[in-house]
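Enquirer: I'll drop the sequence and a predicted model, then ask my questions.
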Amino acid sequence: RHQTITALYDWSYQGLDGDERRLFRRLGVFSGGWNIEAVVATSEPGCGGPTINVLTRLVDKSLVGLNHGHDGVRRFRLFESARAYALDRLRENDEHESELHRHAQYFAEVASQSYESWMDTPTAVWLPRYGEERENFQSALRWTLDERRAVALGAKLARDLAPFAHEFGSAAAHVRYLDRLLLDGEMPESLVAECYLWTARLLGDLQDARSLRFAKQALVAAGEDRSTLRAHALALVARGLTDRQTSENFAAAEKLLNEACEIFREFGDASGEGTARNALGAIANFTGRREEALAQRIESLRLFRSVGKSYGIGQALGNIGSWHYKNGDVDRAALYYHEALVELRRIGSNSLLDWLMGNLAEVEMFRGNLESARVLLWKALQMEIVYDRPRGRSHTLGLMARLAQRLGRPEEASVLLGFADAAIKRLDVPRQPTVQARIGDLEEQLRALLGDVRFEALYRRGGGESERDAIAIAEAL
């Protein structure tokens, strides 16, 4: 089959004139399509106009596909088989490296524009505008950094693409780029503070304990001058301290967050203040100030909505929903969770979806809709596997343990609980008190059903299971 396809492309390629062959080869460097601006910008100087004419001929000959992207802008693409053929012809003509360099330079400029506009542009406008180029951005990152072709260009590209990792939920993959650049000293000095900040933020998205270390480094690099960079670093250090869940850490975190709020207000950064308010709500919740916790989350939601930041809106809605769930208003909690899901799905973001589906699964278990809960938890777990979120997977497998017990399968519940507890200990990020209380209740129920000896044996077995085996048990529920 492969030989037949190659023969067809050979026949079509041989029928092209020289300009058409040259452009067809060049188009192989684009991943996921391109627009007119991209193909003109990556053409040789003075060849933009002729390039459009040649591209039109390739469309007419059905070698290039045409559709419409964001705001009706025309986008072109090659089938993957045609792209692979074009790249082979590029290599044959010794044009491969030069064209990939042009491609990386152009999309680094686009990524820079996206970074500069990210903070001040509503997500529903920003994400569709630049999200169409995600595959081209990733291709440029791979060429500049993975293949070590242009590390300086790739370092700035890694910083500029960090908001995409945050908004789309692909934090784990992007942290590896930033961490390596910082560790090897390859990040330009002017970007070091921001890259520490983004590494801390993305690790925080993953609930990874390393976030606090990077946040502290960002705070040192930001210096003592009042700036939004310093305020974001303060907020991230506070989040890391809050995760440790001690009274001393709560007090220290609250002080840092109040300072951050002052700076954010001074600079008119509503999104930043929304982040800090959300964190203050978490501390109020942990320390028993329930009404203050709700007020902070509501103010956080108002701030995020004022600037159209969908990630923050979804997070605030989810936290307000959790407040109502813990106060026994399950129906209102579900409404907030659903609204958060709608907000994030509207922009195509994968961030927070697993957390929200886990929350909804708890609602469904409370209502007795166990099959709905199972479907939601399995979807959440699949997402956490794809996007490499180990803390999320351990939490979801803990919820799966509760579901297994409700389904009358206490032995599987005991094994899953053992695995989830061991995973949480390895990750060094403690559970929230309310979650730990529910886990304690589950353990008591399982001991009553199985007896202490049988429960302990299954629990220890779970602690030694591989994650793959634990996931297989969950899938069989």
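Expert: Nice, I can see it. Numbering: from 1, shown residues only.

Enquirer: mind checking the end-to-end distance for stretch 384-396?
Expert: Using C-alpha to C-alpha, to the nearest Å, the gap from the first to the last residue of stretch 384-396 comes to 9 Å.

Enquirer: right, I mislabeled it, should have said stretch 216-228
Expert: Termini of stretch 216-228 sit 15 Å apart (C-alpha to C-alpha).

Enquirer: List the buried residues for that stretch?
Expert: In terms of neighbour count (16 or more other C-beta atoms under 10 Å), stretch 216-228 has its buried residues at 216-219, 221-222, 228. Any C-beta I mention is one placed from the backbone N, CA and C, and that applies to glycine too.

Enquirer: And stretch 429-441, by the same measure?
Expert: Here stretch 429-441 shows 429, 431-432, 438-439 as buried, counting by 16+ other C-beta under 10 Å.

Enquirer: just stretch 19-35 next, same as before
Expert: Counting neighbours by 16+ other C-beta under 10 Å, the buried set in stretch 19-35 is 20-31, 33-35.

Enquirer: can you map out the strands along this structure?
Expert: In the chain, the segments counted as strands under DSSP state E are 34-35, 65-68, 74-77.

Enquirer: Closest to residue 252 out of the buried residues of stretch 429-441?
Expert: Nearest to residue 252 among the buried residues of stretch 429-441, counting by C-beta to C-beta, is residue 429 at 17.7 Å.

Enquirer: Quick check: that closest one touching residue 208?
Expert: Yes. At 7.3 Å, residue 429 and residue 208 qualify as touching, with contact defined as C-beta atoms under 8 Å.

Enquirer: what comes into contact with the helix ranked longest in the chain?
Expert: In the chain, ranked by residue count with DSSP state H as the criterion, the top helix is helix 96-118. Helix 96-118 has contacts (C-beta atoms under 8 Å, 6 or more residues apart in numbering) with 25-26, 28-30, 38, 41-42, 87, 90, 126, 129-130, 133, 136-137, 139-140, 143-144, 149-150, 153-154, 156-157, 159-164.

Enquirer: Distance from the chain centre to that helix, please.
Expert: Taking the mean of its C-alpha atoms, helix 96-118 sits 21 Å from the chain's own mean (C-alpha atoms, centre = their mean, to the nearest Å).

Enquirer: Now for the residue nearest the centre of the chain: which residues touch it?
Expert: Central residue of the chain (C-alpha atoms, centre = their mean): residue 169, 1.4 Å from the mean position. By C-beta under 8 Å, 6+ apart, the contact list for residue 169 reads 205, 349-353, 383, 387.

Enquirer: what about the closest residue to it other than its chain neighbours, how many neighbours?
Expert: Nearest residue to residue 169, sequence neighbours excluded (C-beta to C-beta, 6 or more residues apart in numbering): residue 350, at 3.5 Å. Neighbours of residue 350 under the rule other C-beta atoms under 10 Å: 15.

Enquirer: Quickly note the distance from residue 350 to residue 115.
Expert: Per C-beta to C-beta, to the nearest Å, residue 350 is found 20 Å from residue 115.

Enquirer: try residue 256
Expert: Counting by C-beta to C-beta, the gap from residue 256 to residue 115 is 26 Å.

Enquirer: The two: which is more packed in?
Expert: residue 256 (22 against 19).

Enquirer: contacting residues around the more buried one?
Expert: The contact partners of residue 256, taken as C-beta under 8 Å, 6+ apart, are 234-235, 237-238, 241.

Enquirer: And those residues, which is closest to residue 119?
Expert: residue 235 (14.3 Å).

Enquirer: burial of residue 448, as a residue count?
Expert: Counted with other C-beta under 10 Å, residue 448 comes out at 11.

Enquirer: Now the common contact residues for residue 429 and residue 208.
Expert: residue 391.

Enquirer: ok, back up a step: CSV for the buried residues of stretch 216-228, including pLDDT?
Expert: Formatted as CSV, the buried residues of stretch 216-228 follow (pLDDT from 0 to 100):
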residue, pLDDT
216, 97
217, 96
218, 96
219, 96
221, 94
222, 93
228, 95
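
Enquirer: Show me which pair in the contacts of residue 169 is furthest apart.
Expert: 205 and 383 (13.1 Å).

Enquirer: So which of those two has more stuff around it?
Expert: Neighbour totals were compared for residue 205 and residue 383, and residue 205 leads with 23 against 19 (other C-beta under 10 Å).

Enquirer: State the distance from the more buried one to residue 389.
Expert: With C-beta to C-beta as the criterion, residue 205 and residue 389 are 8 Å apart.

Enquirer: Much appreciated, bye for now.
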